[in-house]
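1. got a predicted structure plus its sequence, pasted below:
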Amino acid sequence: MALAVNSPAFSSLVVEPRQYYIAAVFIVVAAILIHHTWSTIHYRRARRREAAAEPGGEQLPPAYPAFIPYVGNIASFVIDTGKFIRQATLYHGRLTSSKITLLGRHLYIFQERETISRIMRHQDLSSPMSLYNFGLRYLFGMPKAGLVPYADDDSGLSAKPLPGSNVAPEKRIDHLLHRAYHKAWTGSNLDAASRRFTHMITAQLLYDPAEIIPGGAWTQLDDMFSYFGKAVSTALIQTIFGPALLQLNPGFVDDLWVFDDGLPWLVRKVPSFLVPGPYRVRSRLQAQIRRWYAYSRQWFREDSIGSVADGGGDADPFWGSEIIRHLHREMLIKTKSGGDRGNKSGGFMDSESLSAHDLGMLWGSVSNSISATMMMASHIFRDPVLLQRVRSELEEQHDFSLDSPETETTIDFKRLWKLPLLCSCYAETLRLHVEVLLMFSSPHSDVSLGKWRLPRTKIALVNTVIAHMDEAVWNTKGGLYPLNTFWADRFIVDPADPSSGPVRPECKPIIRKKPWFSTDGLDGSWIPYGGGPSMCPGRFLSKTVILSTVAILVTKFDMDILTDQVVRDTWRFGLGVARPKGKIPARVRRREAGENPR
Ligand code: HEM
C-alpha cells in the first residue's frame, strides 16, 4: 500500500531538522558525560593503585579527569590556572602529581615535596627550550628567525652537554647565556652591581627635586606601588643597562609598566586585532631599545669602562655593565660588513631579535623585584610593632638610622644580608607572593623521580604557590600563623623557642645560641627562584635590591596604607611575584633627622 506524501501518517514519520539538532546535542552531551565519568573512574583507580604501590615502583602520574578528549583541561587551566592546578594535585587532602591535557598536549604537574627536591637535583632536567620559545615569541615578540637557535639547542644549560646531544659548543645558546648571567651576578661583578644599585636607589628615594613628598608634611599618593616602584625600576635598569637607555628614552619606565599590565593578554595569545594596546607598547619598547643600541655602538669606547662616576667595577655609561656588552659581542650576528645584517660569520640573532631578548630580561628583572619590594614594604608599614622592630634592627645591627648621612651611600648590602628579621620578612614575602609555574624537561631520556617518571621531551610543571603553602612542611606555630598570612618571624629560628622556625618543629635541628635567619629544611618547599641548574641567576642581586630599598623606605619614610582591600590579581597568575589588583593609595611622609620615632 502506498503512503501519500501529504497524508498525516507520512508526516508523522518525517524527522524535522530541529529534532536532528536535539538528537545531535543529546549524543554529544552523553558522549561528554560518558568520557568524564570514564576518566574519573580511571583517575580514582590510578590513585588507589598509587596508594598501594610498593616503594620504588615508578609510574606515570595519572591523567586528571576531563570532559572532552583532546581539548582536555584547557578551559579550567586558562580561566583560573592557580585554582585548577591546586585541584589537580590534591587528592584526599594530600599533595600529589597528575598529568593534564591541554589541546592534545600532555603536561605533568609534580607537587609532592620529595618529588620537587628530586626534580631540582636532577642533572638532566633544565628549563625546556619550548618555554623560552613561547616566552620570547608571544610575550616579548621575538621574530621567528631569532627563535631558531633556541629551538636547535637540546644540550641543556650546564657546562657538560646533556647525554645524547650533538650541538656544537659555539651553538649552545642555553649554556652560553646561563654562564654569562651567572658571571654577571656573582663574585666581584655582583659586588659592583650591588654598590651601583644602593647608590642609585638612595639617590632616587632621598632626593626629590620635584618635592612630590616634601620633608615633614604628609602627602597622599594615589598609588604607592607605582610611585616607589618606578624609583626601583629606574635604579635597577641603570644598574644593569646603564644610564643611556633611560636618558635617550625618558618614557621607557612608564611604557614598561603599561606593557606589564598587558602581559596577561599576551600570555593567553589573544591576537593584536582584539587587544592592540600591549602589542603597540611592546613595539615601542623594542624600538627604544634599538635606539639605545645605535647610540651606544657609536659612542662606547673600551676606556669608558670602570669610571667612578658610573659606579666603578664593570660599569660603563653606554651599555651599563659587562653582561650587556657581552650579549652584544656574542649574541648579535656578526657580518663581514660589521653591521648586524649581511653575510653571517658568527653570533645568534639580529638587532630586532636581540631587542626582544633584552625586553624579556628587563621585564623579568624589574617586574619581579618591584613587586617583591613593595609587597615587603607594605607588610612592614601595615604593622607598627614590626615597623619599629625593623627600624631598631637596622639601627642597632647595621648603624643605619634616620640620622645616617644622606649625601653618601650609607647602605652596606653585605650587612643587610645578616639581619635576621629583615631577611625573614624578605623570605616570607617571597613565600607568600611568588606565583610561578616552574617548567622542566629532559630532551633525551626519561627521568626517574622516585615514585613517578617523566617521559623524555615532556614538560614537568611545579607550582611555587602550592609548595609554599604545604601544611606538611611549614611551621604555623600550631595554627597561630596560617600559611596564607604574613608572619614576619617565620624564618627565624630561636634556640630558646622550640616551636620557632620555618619548618614544623619535629623536623629541624637547633644548634646556635642566638636567633638566626634560616631556610634549612626547606629543600623543594621554598622555591621562589626555582631550583637546580636553571635557578634564577639574578637572585643575589634581587635580594640586595629588595633589602636595601625596604631599608631606606622604612628608615626614611612613614607610610599609612589607606586600604585593606588588597586583592590578589588572579588574572596575572604565573607571571612572577603577585601584585595587588588596582591601586594602593597611601599617606606618606619623609621623616626628618632627629625626630622621635612615631
Ligand atoms: C623577586 C625577584 C625575582 C624572582 C622571584 C625571580 C624568579 C625567577 C625564576 C623562577 C626563574 C626561572 C628559573 C627556572 O627556569 O627554573 C628566573 C630566571 C631568570 N631570572 Fe629571575 N627572579 C627575580 C629577580 C631577578 C633579577 C633581579 C634578575 C637580574 C638581575 C633576574 C634574572 C633572571 C634571568 C636572566 C633568568 C633566566 C635564567 C636563564 O635563562 O638561565 N631575576 N627568575
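-> Here it is on my side, so go on. Here the structure is a predicted model, which means the values were calculated and not measured.

2. G306: neighbour count?
-> 14 (other C-beta atoms under 10 Å). Heads up, the C-betas are built off the backbone N, CA and C, glycines and all.

3. distance of it relative to D314?
-> Computed as C-beta to C-beta, to the nearest Å, the G306 to D314 distance reads 7 Å.

4. what residues does the stretch 51-200 of the chain put near the ligand?
-> S127, L157, L177, H178, Y181, W185 (C-beta under 6 Å from any ligand atom).

5. please, which helix or strand holds whichever residue of the stretch 201-350 of the chain sits closest to the ligand?
-> For the stretch 201-350 of the chain and the ligand, the shortest gap (C-beta to the nearest ligand atom) falls at I240, measuring 6.1 Å. Here I240 sits within helix 224-241, counting by DSSP states H and E.

6. against which helices or strands is that helix packed?
-> In this structure, helix 224-241 packs against helix 187-206, helix 244-248, helix 252-267, helix 322-330, helix 351-382, helix 539-556, with contacts taken as 3 or more C-beta pairs under 8 Å, 6 or more residues apart in numbering; DSSP states H and E.

7. buried set for the longest one?
-> Spelled out, it's helix 351-382. Neighbour-count burial for helix 351-382 flags 351-381 (criterion: 16 or more other C-beta atoms under 10 Å).

8. next one: the shortest one
-> Buried residues in helix 244-248, counting neighbours by 16+ other C-beta under 10 Å, are found at A244, L245, L246.

9. in a markdown table: those, plus distance to the ligand.
-> Listed next are those as a markdown table, based on distance: C-beta to the nearest ligand atom, whole Å:
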| residue | distance to the ligand |
| --- | --- |
| A244 | 18 |
| L245 | 15 |
| L246 | 17 |
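
10. pretty sure L362 contacts L256?
-> Yes - here L362 reaches L256: they are 6.8 Å apart, a contact under C-beta atoms under 8 Å.

11. okay, the helices and strands packed on helix 224-241 in TSV with mean pLDDT and distance to L102 next?
-> As requested, the helices and strands packed on helix 224-241 are exported to TSV (pLDDT from 0 to 100; distance: least, C-beta to C-beta, whole Å):
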stretch	mean pLDDT	distance to L102
helix 187-206	91	38
helix 244-248	97	37
helix 252-267	94	14
helix 322-330	93	33
helix 351-382	95	23
helix 539-556	95	30
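
12. follow-up on the earlier one: could you pick out which of the buried residues of helix 351-382 are near the ligand?
-> M361, G364, S365, N368, S369, A372.

13. what's the closest non-adjacent residue to the fourth one?
-> Across the structure, with C-beta to C-beta, 6 or more residues apart in numbering as the measure, the residue nearest N368 apart from its sequence neighbours is G576 (4.4 Å).

14. neighbours of that neighbour, how many?
-> 21.

15. check F259 too.
-> 24.

16. where in the chain is pLDDT low?
-> For the chain, applying pLDDT under 70 flags the ranges 1-13, 53-56, 209-210, 308-312, 335-345, 405-410, 505-513, 565-567, 594-598.

17. return the residues in contact with whatever residue of it ends up closest to the ligand.
-> Nearest to the ligand in the chain, going by C-beta to the nearest ligand atom, is G538, at a distance of 2.2 Å. Applying C-beta atoms under 8 Å, 6 or more residues apart in numbering, we find G538 in contact with Y181, W185, G364, S365.

18. 6 Å instead, please
-> Contacts for G538 (C-beta atoms under 6 Å, 6 or more residues apart in numbering) come out as W185, S365.

19. now F77
-> Counted by C-beta under 6 Å, 6+ apart, F77 has contacts F84, L102.

20. where along the stretch 351-500 of the chain do the helices fall?
-> 351-382, 384-398, 413-416, 420-433, 464-468 (DSSP state H, counting those that start in this stretch).

21. out of those helices, which comes closest to G72?
-> helix 464-468 (20.2 Å; C-beta to C-beta).

22. ok, back up a step: can you get me a residue count around the residue of the stretch 201-350 of the chain closest to the ligand?
-> Using other C-beta under 10 Å, I240 has 24 neighbouring residues.

23. for D316, what are phi and psi?
-> phi -150, psi 160 (degrees, to the nearest 10).

24. and the gap between it and A294?
-> Computed as C-beta to C-beta, the D316 to A294 distance reads 16 Å.

25. more neighbours, those two?
-> D316 (25 against 11).

26. that one reaches I305, doesn't it?
-> Yes - under the criterion of C-beta atoms under 6 Å, D316 makes contact with I305 at 4.6 Å.

27. contacting residues around the residue of the stretch 201-350 of the chain closest to the ligand?
-> Counting by C-beta under 6 Å, 6+ apart, I240 touches G320, S321.

28. ok, 8 Å please
-> A193, G320, S321, I323, I324, S365.

29. next, the residue of the chain closest to the ligand: phi, psi?
-> The phi/psi pair for G538 (degrees, to the nearest 10) reads phi -90, psi 10.

30. how close does it sit to S165?
-> Taken as C-beta to C-beta, the span from G538 to S165 is 26 Å.

31. my read is that the residue nearest to N368 contacts S367, right?
-> Yes - G576 is within contact range of S367, at 6.0 Å (criterion: C-beta under 8 Å).

32. hmm, back to that, would TSV of the helices of the stretch 351-500 of the chain with distance to K451 be doable?
-> Below are the helices of the stretch 351-500 of the chain laid out as TSV (distance: least, C-beta to C-beta, whole Å):
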stretch	distance to K451
helix 351-382	33
helix 384-398	42
helix 413-416	42
helix 420-433	26
helix 464-468	17
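
33. who touches the residue nearest to E393 when sequence neighbours are not counted in this structure?
-> Distance criterion C-beta to C-beta, 6+ apart; nearest residue to E393, sequence neighbours excluded, is L421 at 4.9 Å. L421 sits next to R389, V390, E393, A488, D489, I492 when contact means C-beta under 8 Å, 6+ apart.
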